[in-house]
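> heads up, no residue letters with this:
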């Protein structure tokens, strides 16, 4: 158990809908990262927050957005869902900002868009 | 840009040694990580290299050559539970970029 929690574990929804994925980092960690993992794309970095502020952006679509709240939990919002958005979404946390040493991954949310 | 290459799949025998290679191109290199991921599960940290050389951690070792943009993960005394995907990840420009992973199958 990494100490990172993600909810829900599974999510099934229809195209065009909007969903919110939630992540709570390990106690004391200030950085939160979001990743998307699909069969054909591997693990893709989406976005990073540090202590409430956006720090780095990867291949995140405009239909996706995220935020980190004062209690350090983070939410990833996915809207206008398409079939291709079906994937495992991982959240990871680390203690520091750019000088990260190791990221601890949560168990993931499996999103299925039908 | 950043590019990471590693073999798609490898097969090895229980008790043997296997080496998984990773080559990378990146700007602002600031460390290379190896993660293990079992199917449907979260990646778990194995090793980290930021300086050239070999880092040993039990049955697992990782090597880095920054001038060659090359790393390898060495797994000794293979066990069936080592069957998993091994992800090479490079940190640069404030981001951690993962390779596609190498699917390792350990046979009895």
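Noted; the coordinates are in hand. All values reported here derive from a predicted model rather than from experimental measurement. Residues are numbered from 1 along each chain as shown, chains lettered A, B, ... in the order given.
> what about the chain, any weak spots by pLDDT?
Chain wasn't specified; assuming chain A. Within chain A, the set of residues satisfying pLDDT under 70 comprises A:97-101.
> chain B is the one I meant
Low-confidence segments of chain B (pLDDT under 70): B:1, B:94.
> who in it is up against chain A?
B:30, B:33, B:40-45, B:48, B:87, B:89, B:91, B:93-101 (C-beta under 8 Å from any C-beta of the partner chain). From N, CA and C alone the C-beta is placed, and that goes for glycine too.
> 7 Å instead?
Contacts of chain B with chain A, taken as C-beta under 7 Å from any C-beta of the partner chain, map to B:42, B:43, B:45, B:48, B:87, B:94, B:95, B:96, B:97, B:98, B:100, B:101.
> can you pick the most crowded of those residues?
residue B:43 (28 neighbours; other C-beta atoms under 10 Å in any protein chain shown).
> quick one on the thing from earlier: what about the residues of chain B next to chain A, which are in helices?
Using DSSP state H, no member of the residues of chain B next to chain A falls within helices.
> now flag whichever of those residues is closest to residue A:22.
Nearest to residue A:22 out of those is residue B:42 (C-beta to C-beta; 15.6 Å).
> correct me if wrong: that closest one contacts residue A:104.
No. The criterion here is C-beta atoms under 7 Å, and residue B:42 misses it with residue A:104 at 8.6 Å.
> now, which of the residues of chain B next to chain A lie within strands?
Those of those mapping onto strands are B:45, B:48, B:87, B:95, B:96, B:97, B:98, per DSSP state E.
> how about the last one: what's its closest non-neighbour residue?
Yep, that's residue B:98 we're talking about. Spatial nearest neighbour of residue B:98, excluding adjacent residues (C-beta to C-beta, 6 or more residues apart in numbering or on different chains): residue A:43 at 4.1 Å.
> and if you look at the first one?
Counting by C-beta to C-beta, 6+ apart, the nearest residue to residue B:45 once its immediate chain neighbours are dropped is residue A:102, at 5.0 Å.
> next up, the contacts around the one you found.
Shown in contact with residue A:102 (C-beta atoms under 7 Å, 6 or more residues apart in numbering or on different chains): A:94, B:45, B:48.
> same list (the residues you listed) but as CSV, adding distance to residue A:111.
Below are these laid out as CSV (distance: C-beta to C-beta, whole Å):
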residue, distance to residue A:111
A:94, 24
B:45, 24
B:48, 30
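> identify, from the ones in strands among the residues of chain B next to chain A, the entry nearest to chain A.
residue B:98 (4.1 Å; C-beta to the nearest C-beta).
> please identify which helix or strand holds the most centrally placed residue in chain A.
In chain A, the C-alpha nearest the mean C-alpha coordinate belongs to residue A:34, at 3.1 Å (C-alpha atoms, centre = their mean). Taking DSSP states H and E as the criterion, residue A:34 maps to strand A:31-38.
> which other helices and strands does the helix or strand following that strand contact?
Downstream of strand A:31-38, the first helix or strand assigned by DSSP H and E is strand A:42-50. Secondary-structure packing of strand A:42-50 (3 or more C-beta pairs under 7 Å, 6 or more residues apart in numbering or on different chains; DSSP states H and E): strand A:31-38, strand A:53-57, strand A:64-68, strand B:95-98.
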